[in-house]
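>>> Here is a sequence with its predicted model. Questions after.
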Amino acid sequence: MREIRSRIKSVKSTQQITKAMKMVSVAKLRRVQKGTEGMKLFSGQCREILGYLLSGHTDHPLLTPRQEVKRVVYVLFVGNRGLCGNYNTALVRYMQELLEKTDISASVTVVGRWGRDVLASAGLPIRETFSEPGDLPVMEDAVALAEHLKKLYLDGEADEVYLVYQRYVSALHQEPVSTRLLPAAPPHEIPSGELTYLFEPSKEAVLDSAVQLFVNSEVFSTLQEARAGEQAARMTAMTAATDATEELIGRLDLDLNRARQAAITTEISEIVGGANALKNRDGQSSQ
Amino acid sequence: MEDRIHLQIITAAGAVYDGFVSAVRIPLEDGSIGIMAGHTPLLGALVEGVVKCTRADGETHYVAVTQGLAHVAENHVSLLVNAAEQAESIDLARAQAAERRARERLKKHTPEVDTIRAEAALHRALARQMAVRLMKK
């Protein structure tokens, strides 16, 4: 009985932890999602300007695809922590599959603090790890990462750069995807207005600014999406864990009650038996 | 014709400034320019610096910005930047600390130091301090 009691106690404390973690994820998810709303305003305007700039003849080192792709860099956005279902493991498996399919020499840049050991034993050709971005990504982290990737690309260390992350489909569903960051192919709308613009200082400089901004914001939005997915996955996992502990506690309670009932029954029958024995002896002696 | 412009300073995290102003001064690569209502449509490359927003009632606001784009069209000015901060919310001590750090990194000049990044950090820190100074004037 004592064993069952102590088990119930430990399961209950586990439940408290999973419940608290779920709560934290819900709050963080909400904050990350709020951040993504601001992104919409930004990317809408960015697209409009790029649409205008790219409608003419354009040439930019970050936009032009290389004729020969010899080296590829994959940027793997893992979570910052575990305990979020198969969020990280599914992503690593997806990454391994991607690498198996291609015979171009590839390397992986990891973003996130999760599983240094797991990643090392997964046989991925890791070139470096970025662990700065926190749970609520800020633009500075994204810019630092984006600048680094642009440098790799421009230095010829990479002919193509891909972002590999869990796409946030819904709070209950994320799926691993891989999108090309560089050479960039910004989506653009053909401008409707008949405005002719003045360029300050030159069209090239403006285009360069626009492209840089676009690449930075792509990295930022991916980072946000990855973090939102991580929190959502943790929320789902922790909800399942809390439900499971609930069930376990129910079963243990039942066991405890049964054991207690059995103990009481034994005790009563012992007392009754003892009383009967006494009665019998008394009856015999009085006769 | 309308004599005010709708100014938006937008980062990927959202709008930092969104309001109507009578004039705005923005830092471009070859010097800053002032924009008033009815300005010719313009696309400009922004550099680190301070944006000065003057409202019709005479009140001015200063916003420190990093590199980005300026888009001027039909009495609407939008500045798309990596980061922006209103002078009121800038922590002067932090900006000064950032300046010192950047200067130290530049002085060392070791191969590990990313000169471009350190320089960008220095410019940013200077722009933020400038914004605070202008506000206090």
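Noted; the coordinates are in hand.

>>> Point out the residues in chain B that sit beside chain A.
Residues of chain B found near chain A (CB under 8 Å from any CB of the partner chain) are B:10-15, B:28-30, B:33, B:40-46, B:67-71, B:73-74, B:78, B:80-83, B:116-117. For the C-beta atoms, the positions are set from N, CA and C on the backbone; glycine is no exception.

>>> Show me which residues of stretch A:78-96 are buried.
For stretch A:78-96, the neighbour count (16 or more other CB atoms under 10 Å in any protein chain shown) marks A:78-80, A:82-85, A:87-89, A:91-92, A:94-95 as buried.

>>> follow-up on the earlier one: among the residues of chain B next to chain A, which ones are in strands?
B:10-11, B:14-15, B:28, B:33, B:42-46, B:68-71, B:73, B:78, B:80-81 (DSSP state E).

>>> Is it possible to mark the buried ones in these?
Among these, those classed as buried by neighbour count (16+ other CB under 10 Å) are B:10-11, B:14, B:28, B:33, B:42-46, B:68-71, B:73, B:78, B:80-81.

>>> tell me the secondary structure for residue A:196?
Following DSSP: H, G, I helix; E, B strand; the rest coil, residue A:196 is assigned to coil.

>>> Can you give me the neighbour number for the nearest residue to residue A:78 once chain neighbours are set aside?
Of all residues not flanking residue A:78 in the chain, residue A:112 sits nearest, at 3.9 Å (CB to CB, 6 or more residues apart in numbering or on different chains). Using other CB atoms under 10 Å in any protein chain shown, the number of residues around residue A:112 comes to 25.

>>> I'd like the distance between residue A:112 and residue B:103.
Taking CB to CB, to the nearest Å as the criterion, residue A:112 is separated from residue B:103 by 32 Å.

>>> swap in residue A:115?
With distances taken as CB to CB, residue A:115 is found 38 Å from residue B:103.

>>> so where's the longest helix in the chain?
By default, I'm working from chain A. Within chain A, and with DSSP state H defining each element, the longest helix by residue count is helix A:203-286.

>>> Wait, chain B was what I had in mind.
Counting residues, the longest helix found in chain B (DSSP H) is helix B:115-136.

>>> Nearest the middle, which residue of chain A would you pick?
The residue at the geometric middle of chain A, judged as the C-alpha nearest the mean C-alpha position with CA atoms, centre = their mean, is residue A:230 (2.1 Å).

>>> From one end of stretch B:82-100 to the other, what's the distance?
Its start and end residues considered, stretch B:82-100 measures 22 Å (CA to CA, to the nearest Å).

>>> Can you list phi and psi of residue A:167 for me?
Reported as degrees, to the nearest 10, the phi and psi values for residue A:167 are phi -80, psi 140.

>>> so it bridges to which residues?
Note on residue A:167: beta-bridge partners by DSSP bridges are residue A:175.

>>> Who are the contact partners of it?
With contact set as CB atoms under 8 Å, 6 or more residues apart in numbering or on different chains, residue A:167 has these partners: A:174, A:175, A:176, A:177, A:225, A:229.

>>> Now that we have these, can you turn them into TSV and tack on neighbour count and pLDDT?
As requested, the contacts of residue A:167 are exported to TSV (neighbours: other CB atoms under 10 Å in any protein chain shown; pLDDT from 0 to 100):
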residue	neighbour count	pLDDT
A:174	26	87
A:175	13	89
A:176	20	91
A:177	16	90
A:225	22	88
A:229	27	89
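
>>> which one of those residues is nearest chain B?
Of all the contacts of residue A:167, residue A:225 has the smallest distance to chain B: 12.4 Å, by CB to the nearest CB.

>>> Tell me who's in contact with the closest one.
So, once contact is read as CB under 8 Å, 6+ apart, residue A:225 ends up touching A:36, A:165, A:166, A:167, A:168.

>>> do the same with residue B:20
For residue B:20, the residues meeting the contact criterion (CB under 8 Å, 6+ apart) are B:4, B:5, B:6, B:7, B:55, B:56.

>>> coming back round to it: residue A:115 and residue B:103: which is more packed in?
When neighbours are counted by other CB under 10 Å, residue A:115 comes out ahead of the other of residue A:115 and residue B:103, with 18 against 14.

>>> What is the burial count for residue B:21?
22.

>>> where's it relative to residue B:28, distance?
18 Å.

>>> Please name the nearest non-neighbouring residue to residue A:169.
Excluding its sequence neighbours, the residue lying closest to residue A:169 (CB to CB, 6+ apart) is residue A:175, at 6.0 Å.

>>> thinking that neighbour is in contact with residue A:166, fair?
Yes: at 6.7 Å, residue A:175 counts as touching residue A:166 under the criterion of CB atoms under 8 Å.

>>> Apart from its chain neighbours, what residue comes closest to residue A:172?
The spatially closest residue to residue A:172, leaving aside those adjacent along the chain, is residue A:236, at 6.0 Å (CB to CB, 6+ apart).

>>> mind giving me the domain split of the chain?
Chain wasn't specified; assuming chain A. Structural domains annotated on chain A: A:2-14+A:240-275, A:20-238, as defined by automatic domain parsing.

>>> nope, chain B please
B:5-86, B:91-136.

>>> Residues contacting the helix or strand where residue B:97 lies, please?
Remark: residue B:97 resides in helix B:92-108, with elements defined by DSSP states H and E. Around helix B:92-108, the neighbours that count as contacts under CB under 8 Å, 6+ apart are B:113, B:115, B:118, B:119, B:121, B:122, B:124, B:125, B:126, B:128, B:129, B:132.
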